[in-house]
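> structure, please.
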Amino acid sequence: MLGSSKSAGDAMATANRIMVRDFPVYYFASLFLGLLDLESCEFRYVSAGHTAQLLLDAEGGCTSLAANGPALGVLADAAYELSAPHRLGSGSRMLLFSEELHEAYNGRGEMYGEERLMGSARF
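Residues are numbered from 1 along each chain as shown. Here you go, the predicted model:
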């Protein structure tokens, strides 16, 4: 079960060891693993070098869920731990996205950027 901090961290560490063992030294990957407890409405995560995801509350507040471990394949003995719990209230939303979403460019050559992404998420 991935519900415990030990098992979620262990799952990420296992993925990391596989990357280190089976891929060339210059390969790496980011990964975001989220766990939602439906009874307590708490969300916790492990992030291996992934771009920060966004948690938005009903009042328009935005919490950045930053990486709490290195990318997979970078450090052979990396340890990963589950984040502190984030309480989800009525009207809470999460924006989970790929690494390059905020790095996209428009037709005028302007980068979308993290600030614009956060503003767009507050719909």
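
> where does the prediction get shaky in this structure?
By pLDDT under 70, the low-scoring segments of the chain are 1-6, 122-123.

> from the centre of it, point out the most distant residue.
residue 108 (29.5 Å; CA atoms, centre = their mean).

> contacts only, for that residue.
With contact set as CB atoms under 8 Å, 6 or more residues apart in numbering, residue 108 has no partners. Where you see a C-beta, it was placed from the backbone N, CA and C, and this is true even at glycine.

> would you verify that it is located in a helix?
No: Residue 108 is assigned coil when assessed by DSSP: H, G, I helix; E, B strand; the rest coil, not a helix.

> now for the residue nearest to residue 28 when sequence neighbours are not counted: which residues touch it?
Using CB to CB, 6 or more residues apart in numbering and skipping the chain neighbours, the partner closest in space to residue 28 is residue 73 (4.1 Å). Listed by CB under 8 Å, 6+ apart, the contact set of residue 73 reads 16, 19-20, 23, 27-29.

> try 6 Å this time
Neighbour list for residue 73: 19-20, 23, 27-28 [criterion: CB atoms under 6 Å, 6 or more residues apart in numbering].
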